[in-house]
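Undergrad: All I have is the shape, not the residue letters:
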């Protein structure tokens, strides 16, 4: 009985660690791919890494003009308090931008690197982890800009941003899972490329980027709340603007859902990986 219990425990631990095995075993490869991916973003550009700052600021200006000036949207922010509105809008944009980049790149990860598929010893899962890691580079640049702006604007809760890893880490797991599923599915169904564009745009307006979750009608609120970027957006805004600590029960459910999603995606990818070389 004790031997059986020990084997069951080891099997459970093995299942729990399965999604991280490709990264743990190929850590050096992961670092090489990550550095290469980040470097290629700005290769040949005169301003180099400065574009990682310029691009989000330009997009923020466009969205702020549209939603803050033309449409005059406000939520939880005093009328005329432009500094807080900019922080609210920008926080939603950088969190959703991370998801949008992962969606847009996932369909080409395996199809665009078909030479890796035929290498038996190459862990293809690393491509998704490196892609998400590369997308995180722009996200953290945006987060630093947001923190600096909040500090400059005198928002009192900038120090509470240290709480963000509690929600960002499971968000990363979900993004890796999305990348694994889309990258493998595209090998067999090329139409996925055509679906991702409208899906990315639709999710931007369905997620609480330009409005608070509370403004969604009650019958649809649960649907919007379970979208990948919804909780991270709400937590960042709550911490930064209201000093609100994330609810433990909500975070616990989010962690469980993220880990379960990542495990499912790993199993999905492993099953489809066996025939990728035949279809590419």
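TA: All right, it came through fine. Source: prediction; values computed, not measured.

Undergrad: any idea which element residue 122 lies in?
TA: Using DSSP states H and E, residue 122 is not contained in any helix or strand.

Undergrad: which phi and psi does it have?
TA: Dihedral pair for residue 122: phi -80, psi 120, per degrees, to the nearest 10.

Undergrad: got it, and residue 247?
TA: According to degrees, to the nearest 10, residue 247 has phi -70, psi 130.

Undergrad: One more: residue 227?
TA: The phi/psi pair for residue 227 (degrees, to the nearest 10) is phi -60, psi 150.

Undergrad: Can you give me every residue that contacts the spatially closest residue to it that is not a sequence neighbour?
TA: Nearest non-adjacent residue to residue 227, counting by CB to CB, 6 or more residues apart in numbering: residue 207, 5.1 Å away. Quick note: C-beta positions are derived from backbone N, CA and C, even for glycine. The contact partners of residue 207, taken as CB atoms under 8 Å, 6 or more residues apart in numbering, are 92, 96, 224, 227, 229, 230, 233.

Undergrad: let's go with 10 Å and repeat that
TA: Residue 207 is in contact with 92, 95-96, 99-100, 213, 224-225, 227-230, 232-234, counting by CB atoms under 10 Å, 6 or more residues apart in numbering.

Undergrad: Let me know the closest of those to residue 138.
TA: Closest approach to residue 138 among the contacts of residue 207 (CB to CB): residue 100, at 10.7 Å.

Undergrad: Just the helices from the stretch 101-250 of the chain, written as ranges.
TA: For the stretch 101-250 of the chain, helices defined by DSSP state H, counting those that start in this stretch occupy the ranges 114-117, 125-152, 165-188, 192-206, 218-225, 230-237, 248-273.

Undergrad: Give me the pLDDT value at residue 186.
TA: Looking at residue 186, its pLDDT stands at 90.

Undergrad: neighbours around residue 277, how many?
TA: Counted with other CB atoms under 10 Å, the neighbours of residue 277 add up to 13.

Undergrad: likewise residue 51?
TA: By other CB under 10 Å, neighbour count at residue 51 equals 15.

Undergrad: And it, how close does it get to residue 57?
TA: From residue 51 across to residue 57, the span is 10 Å (CB to CB, to the nearest Å).

Undergrad: from the contacts of residue 207, which would you call buried?
TA: 92, 95-96, 99-100, 213, 224, 228-230, 232-234 (16 or more other CB atoms under 10 Å).
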